[in-house]
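S.K.: All I have is the shape, not the residue letters:
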């Protein structure tokens, strides 16, 4: 099944702490909504921290509609 990657950006001096806390809520959301085989991570750069959720495409609507990510992309298989 195709995989999707969703992104949420956090800015400011507490961006990393906020992104880490957001991942805890992502775990709770995925458990409650039955999202399986997902991965999440945080990417850091000088301007922002980004929380990333990667999951199967079948969860597109539930994640997009409930969590309103700022970006999404299809993961290309190698």
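M.R.: Done, it's in. Because the structure is a prediction, the values reported are computed rather than measured.
S.K.: make it CA atoms for all contacts and neighbour counts henceforth
M.R.: Noted.
S.K.: Show me the strands in the protein, by range?
M.R.: Ranges of strands in the chain, per DSSP state E, are 3-11, 39-44, 48-56, 71-75.
S.K.: Output those in TSV, with mean neighbour count, distance to residue 22 and mean pLDDT appended to each entry.
M.R.: Formatted as TSV, these follow (neighbours: other CA atoms under 10 Å; distance: least, CA to CA, whole Å; pLDDT from 0 to 100):
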stretch	mean neighbour count	distance to residue 22	mean pLDDT
strand 3-11	18	9	97
strand 39-44	14	10	97
strand 48-56	21	7	97
strand 71-75	14	16	96
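S.K.: Those into CSV, with extra columns for distance to residue 23?
M.R.: Shown next, in CSV, are the strands of the chain (distance: least, CA to CA, whole Å):
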stretch, distance to residue 23
strand 3-11, 10
strand 39-44, 7
strand 48-56, 7
strand 71-75, 16
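S.K.: can you tell me which of the ones you listed comes nearest to residue 29?
M.R.: Across the strands of the chain, residue 29 has its closest neighbour in strand 48-56 (11.4 Å, CA to CA).
S.K.: what lines up beside that closest one in the sheet?
M.R.: Strand pairing for strand 48-56, using DSSP bridges, gives strand 3-11 (antiparallel), strand 39-44 (antiparallel).
S.K.: Give me the distance between the most centrally placed residue in the chain and residue 41.
M.R.: Centrality entry for the chain: nearest residue to the mean C-alpha point is residue 53, 2.7 Å, by CA atoms, centre = their mean. Note on residue 53: its distance to residue 41, by CA to CA, to the nearest Å, is 7 Å.
S.K.: ok, now how distant is residue 40 from residue 32?
M.R.: 16 Å.
S.K.: Correction: the previous question concerned residue 70.
M.R.: 22 Å.
S.K.: for residue 58, same thing?
M.R.: Counting by CA to CA, the gap from residue 58 to residue 32 is 16 Å.
S.K.: what would the strands paired with strand 48-56 look like in JSON lines with distance to residue 25?
M.R.: JSON lines is the format used below for the strands paired with strand 48-56 (distance: least, CA to CA, whole Å):
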{"stretch": "strand 3-11", "distance to residue 25": "13"}
{"stretch": "strand 39-44", "distance to residue 25": "11"}
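S.K.: Good, wrapping up.
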